[in-house]
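Colleague: Whatever this is, show me its structure:
(chains A and B)
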Amino acid sequence: MENKKSLDKRLIAVIVGLVLIIMALSFFLLFRKDTSDIGDGGTPLIGYATEAKVMLDQDSLQAAMDEAMKNAKDGNIALLYKDNAYSTNGVDFDCYIVNSASNKYDMFLTIYADDALTDQIFLSGLVPPGSGFEQISLDRALETGDHTVGVVLTQVDTDETGAQVIKHQVAHTMEFHVTK
Amino acid sequence: MKFMNMKRFGSAAMAGALVLSLAAPAFAATSTPAGQVTISGAYKDIPISVLVPESGTAQINPYGLPIDFTLSDTITKVSISGEQITSAPLSIRNQGATKLSVNATLAVDTSGADNGVSVQKAALSNEKGKKINLALQVAGLNDNKYAVSSLDTTLEDNIIKAFADTATWASAKSLPAEDTAAGTALADATVAKSASALAVLGASTEAAGGLITYGKDSIAVFRLSGKLNESPTKSVSGDDVDDPWTTNDKFAATVVFKFKPAKAASVSLDKATLELGTTANNSKTVSVVFDAGDTELTVKTYAWTVDPATNVVNLTNPTSDTVTVGTAGVGTATLTCVVTLSDDSTQTLTCPVEVNAAHN
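Modeller: From the prediction side, this is the model:
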């Protein structure tokens, strides 16, 4: 009888532990930040020379350069991907795009169908360093053929208030192939 | 009774766990994309691995004022001057085992209130308005001082020095921005695309722990460069009046890089074998076909020889890309061409030759 009681207690402990783990996991996933809510953190545009402004005096120019040098020290992003992705229906692509383990921040991925990076066809959730994508599903189908798409990687940091803000952005292209 | 209560509690707990386990993937679907995986070491293909800088800033510097870059000792400075578009030193670094070619697109946004800046692709020549002639420039570095570990403290300083050195940009490849009228949003801008590789980045090696050792040519520096008129004017009632640069004047440039495994240079012969007759069909040519791929290599020399040297065929123009092979006897021989490229590497090509009356 004592053995039976001891067994029951262990069973309850295991079940309670299981429930707690699942609840914690659900809480994490439920309240994890969606990328669409992330502030731009003063990074309004994609590119290497956003908002190039006129500097008419030496002090302002040097101050701007010093600030840029300071930002550049922490600003490198490691890209890790394969240049080609393949699909048979234009929507679901086999690919290899990774947030390199050497990066410091989570990132999300935005893919554009046009050179000007205005025709968005994919927006991911946040991906931690060391993880990535082997399959993605686009918002709309690409036609049969070869497409050069723009891939924007956006790293996200948490500011002093706990809000997630855009930290860094880089853009590169990939080749998406759709076959029947 | 107590045992029954425990069974009921256990069933309830298991039911709860089931509900939550079903619910969790639904939450995940809204916050974690399908297909997200942890990449394991089992993946065998070699992906592209490049270190690039984040979005940066540039300055429009109409008067070409000098700027200092401070090195890692926080004391030593290197300077640039005379540059009308300036940015912090920017570099791209190949961290993979595959040589990469670098291409890019460049688009300029000139929208915004009170913004009279426009982009002109052609070189400026006494233009009146606030026109900018803008280009992305990429310069590959190639020196043993860059063939160091990613943790080497001299690397960043050497890159800054190279960036500030005008000699670095003398051989840089440029991608000029297309004509862009004032007030043009990015979506409406004409995108410039590089027609050929802007740089080829040599391979790096990765040691245990992710430590990268660059090759001497694994790194390229890049910048936005441009020219603009120092004293723009505008027409008012038919008269030209001063329209000086102000801090409201600006543009935004978008650079998108394309990296792909570099196509190596290759040489081949236009014929796999050569058959000559004894009285007819007794003279033919063989040519070297050279493809530079994504490299900038050229052919330095061609050296044709034949073995045996006499009795079967003779050669005309044995130091050009095309050799004429003429019958000198009957038998077989081997035609060889040693092609020396501009980097002093050599490629040896061979072509078997047969001479007999059956080929007349």
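
Colleague: Every contact and neighbour count from this point should use C-alpha atoms.
Modeller: Noted.

Colleague: what's the burial count for residue 174?
Modeller: Answering for chain A, as no chain was given. A total of 22 residues lie near residue A:174 under the criterion other C-alpha atoms under 10 Å in any protein chain shown.

Colleague: Please refer instead to chain B.
Modeller: Residues contacting residue B:174 under the criterion other C-alpha under 10 Å number 19.

Colleague: repeat for residue B:91
Modeller: Neighbourhood size, residue B:91 [other C-alpha under 10 Å]: 22.

Colleague: same question for the helix or strand it falls within, mean pLDDT?
Modeller: Taking DSSP states H and E as the criterion, the element that holds residue B:91 is strand B:90-94. For strand B:90-94, mean pLDDT rounds to 93.

Colleague: what lines up beside it in the sheet?
Modeller: With DSSP bridges as the test, strand B:90-94 is paired with strand B:48-53 (antiparallel), strand B:219-228 (antiparallel).

Colleague: now, of those strands, which is deepest in the fold?
Modeller: Compared across the strands paired with strand B:90-94, strand B:219-228 shows the largest average neighbour count, a mean of 24 (mean count of other C-alpha atoms under 10 Å in any protein chain shown).

Colleague: Which residues does that strand contact?
Modeller: A:49, B:58, B:62, B:83-87, B:89-94, B:124, B:130-142, B:146, B:159, B:162-163, B:199, B:201-202 (C-alpha atoms under 8 Å, 6 or more residues apart in numbering or on different chains).

Colleague: Which ones among those map onto helices?
Modeller: Mapping those onto helices (DSSP state H) picks out B:159, B:162-163.

Colleague: How about the residues of the stretch 151-300 of chain B by chain A?
Modeller: Selection of the stretch 151-300 of chain B residues close to chain A by C-alpha under 8 Å from any C-alpha of the partner chain yields B:186-187, B:189, B:191, B:210, B:224, B:245-260.

Colleague: Filter those residues down to the buried ones, ChimeraX style.
Modeller: Per 16 or more other C-alpha atoms under 10 Å in any protein chain shown, the buried members of those correspond to this ChimeraX selection:
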select /B:186,187,189,191,224,245,249,250,251,252,253,254,255,256,257,258,259,260
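
Colleague: So which of the residues of the stretch 151-300 of chain B next to chain A sit within strands?
Modeller: Residues of these located in strands (DSSP state E): B:224, B:250-260.

Colleague: Out of the ones in helices among the contacts of strand B:219-228, which comes closest to residue B:216?
Modeller: The shortest approach to residue B:216 among the ones in helices among the contacts of strand B:219-228 belongs to residue B:159, at 12.1 Å (C-alpha to C-alpha).

Colleague: Pull up the gap between the closest one and residue B:151, please.
Modeller: As judged by C-alpha to C-alpha, to the nearest Å, residue B:159 and residue B:151 stand 13 Å apart.

Colleague: Compare these two (neighbour count), which wins?
Modeller: residue B:159 (20 against 11).

Colleague: List the residues that contact the more buried one.
Modeller: Residues counted as contacts of residue B:159 (C-alpha under 8 Å, 6+ apart) are B:89, B:91, B:221.

Colleague: which of the residues you listed lies closest to residue A:127?
Modeller: The closest of those to residue A:127 turns out to be residue B:91 (C-alpha to C-alpha; 25.1 Å).

Colleague: And the pLDDT at residue B:282?
Modeller: With respect to pLDDT, residue B:282 scores 92.

Colleague: what's the answer for the one 5 residues further on, then?
Modeller: Residue B:287 is assigned 95 on the pLDDT scale.

Colleague: got it, and residue A:84?
Modeller: If you check residue A:84, the pLDDT there is 92.

Colleague: Can you give me every residue that contacts it?
Modeller: Residue A:84 makes contacts with A:95, A:174-177, as judged by C-alpha under 8 Å, 6+ apart.

Colleague: Pick out the residue nearest the middle of chain A.
Modeller: With the centre of chain A defined as its mean C-alpha position, the nearest residue by C-alpha atoms, centre = their mean is residue A:108, 1.3 Å away.

Colleague: May I have the phi/psi pair for that one?
Modeller: Dihedral pair for residue A:108: phi -130, psi 160, per degrees, to the nearest 10.
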